[in-house]
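[1] Need a 3D model of the following:
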Amino acid sequence: MRVLITGGAGFIGQRTGDLLLKQGHQVTILDNLSPPAHDGPPALPAGMELVEGDIRKREDWVKALKENEVVLHLADHHDYLPSFSKLFHVNTVGTAILFELLLEGKTSVRRVVLGSSMAVYGEGKYRCGKDGDVYPQPRRVDALERGIWDPPCPICGGAITPMVTDESVARPTSAYGLSKLAQEELVRLLGERHGFEWVILRYGAVQGRAQPFQNAYYGALRIFALRLAHDQPPVLLEDGNQLRDFIDVDDVARANVTALAGLPPGAYNVASGRAHTLMDLARILLRVADRDLTPETPGRYRVGDARHAVPDVSRMKAAGWEAQAGLEAMTREYWQWLRSQPNLDTYFEGADHLMERTGTVRVSR
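    Below is the predicted model of the structure:
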């Protein structure tokens, strides 16, 4: 199989490329190597071809597509800062250009696998004792300002309980999630209409060794670990009781290969199937790092964050894939890797101040 991985020099892309090479496939990667995720050209294994380019440019797509048969589309702009136009330009327009080229009929591509995100679900599925299963609206800013973290029932306004969320309902609460849903709909619509095989993989919170620490603006594990490396306690958003599904990057790579090899068309949640709070993650990291510090919850929050994200992974399990790594093993691996990295000070200072100055992170009253 001849595979093109966009964003292939990134965290998930490199791990997937390595696995494909071990299985005897041919791998090309298209990546613009832009900071903060990259400090320069990566050290790629023998047999992996790099095309340095941008998915917003047709000519770069043309150079990379060549004789490749399948595309794993991971190139993505993910930012909590207010770079709304870039989110759509990279994530949505870049995907539209790919399908324009596929329709010209000058490539060998037969299948497109899109790396997407749980962010498309927004708050996801909850259960109300009075109204049954509900899908809450985005949390109101005035409630967040008062430190009211849990969303109410959208029908009666009462308390609700988070449930596992399957792939059927997507209601983003952030610009990033909206850009990913638009990207998904392009792949679904154009793939079905023009006869291309397509699969959408919605990743949970991907963790593991070599996850870049250079971007300190998102990613709970990297933020907590970077603070611990400077002997400062983890600072958690809200009250730290948000539920997330943390998944190891090697499990994600295996899911990608499964999809490239022939999953039926559709959207699939790729996650561990085990939800943990952010406080759980912070405490595991403190134990792994042997630090006697207490996580702090000063009431900071991000507008657009989902309170809970608990994906249903039964579709991927039915296809023969299942996550293998646990949260403690992931955390230990990342901490050991991070401690061996140079120049951590360069990426630590300033992130919190910038996020507060731009209104990305706010403080409740």
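
[2] For Asp245, give me its contacts.
    Met118, Gly204, Ala205, Ala271, Ser272, Gly273, Arg274, Ala275, His276, Ala309, Val310, Pro311 (CB atoms under 8 Å, 6 or more residues apart in numbering). In this view, the C-beta of every residue, glycine as well, is placed from N, C-alpha and C.

[3] among those, which ones are buried?
    Of the members of those, the ones counted as buried by neighbours, 16 or more other CB atoms under 10 Å, are Met118, Gly204, Ala205, Ala271, Ser272, Gly273, Ala275, His276, Ala309, Val310, Pro311.

[4] I'd assumed Gln214 was in contact with Pro35.
    Yes: at 7.0 Å, Pro35 counts as touching Gln214 under the criterion of CB atoms under 8 Å.

[5] who's more crowded, the two?
    Neighbour comparison, Pro35 and Gln214: the larger count goes to Gln214, with 16 against 10 (by other CB atoms under 10 Å).

[6] Tell me how far that one lies from Asn343.
    Per CB to CB, to the nearest Å, Gln214 is found 9 Å from Asn343.

[7] before we move on, back to that, in CSV: the buried ones among the contacts of Asp245, plus distance to Ser83, pLDDT and secondary structure.
    Below are the buried ones among the contacts of Asp245 laid out as CSV (distance: CB to CB, whole Å; pLDDT from 0 to 100; DSSP: H, G, I helix; E, B strand; the rest coil):
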residue, distance to Ser83, pLDDT, secondary structure
Met118, 20, 97, helix
Gly204, 23, 97, coil
Ala205, 21, 95, strand
Ala271, 26, 98, coil
Ser272, 30, 97, coil
Gly273, 32, 96, coil
Ala275, 29, 95, coil
His276, 29, 98, strand
Ala309, 22, 94, coil
Val310, 28, 94, coil
Pro311, 26, 97, strand
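
[8] which one of those sits closest to Ala318?
    Gly273 (12.5 Å; CB to CB).

[9] before we move on, back to that, most widely separated two among the buried ones among the contacts of Asp245?
    Met118 and His276 (14.0 Å).

[10] I'd assumed Phe99 was in a strand, is it?
    No: assessed with DSSP: H, G, I helix; E, B strand; the rest coil, Phe99 is helix; it does not lie in a strand.

[11] so what's it closest to, chain neighbours aside?
    Leu190 (4.5 Å; CB to CB, 6 or more residues apart in numbering).

[12] Now that neighbour: which helix or strand?
    helix 175-194 (DSSP states H and E).

[13] Please point out which parts of that helix sit buried.
    Buried-residue list, helix 175-194, by 16+ other CB under 10 Å: 175-184, 186-188, 190-191.

[14] Same check on stretch 25-35?
    His25, Gln26, Val27, Thr28, Ile29, Leu30, Asp31, Asn32, Leu33.

[15] Please list the outside residues in contact with that stretch.
    1-10, 13, 17, 20-21, 38, 40-42, 44, 47-55, 60-61, 63-64, 66, 68, 75, 214.

[16] Output that stretch as PDB, nothing but the C-alphas.
    Written as PDB, here are the backbone C-alpha positions of stretch 25-35 (Å, rounded to 0.1, in the frame of the first residue of the first chain):
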ATOM      1  CA  HIS A  25       4.100  -0.200   3.100                       C
ATOM      2  CA  GLN A  26       5.500   2.800   1.300                       C
ATOM      3  CA  VAL A  27       5.100   6.100   3.100                       C
ATOM      4  CA  THR A  28       5.200   9.700   1.900                       C
ATOM      5  CA  ILE A  29       4.600  12.600   4.300                       C
ATOM      6  CA  LEU A  30       3.500  16.200   3.500                       C
ATOM      7  CA  ASP A  31       4.200  18.600   6.300                       C
ATOM      8  CA  ASN A  32       5.000  22.400   6.400                       C
ATOM      9  CA  LEU A  33       7.300  21.800   9.500                       C
ATOM     10  CA  SER A  34       5.900  25.000  11.100                       C
ATOM     11  CA  PRO A  35       6.500  26.000  14.700                       C
END
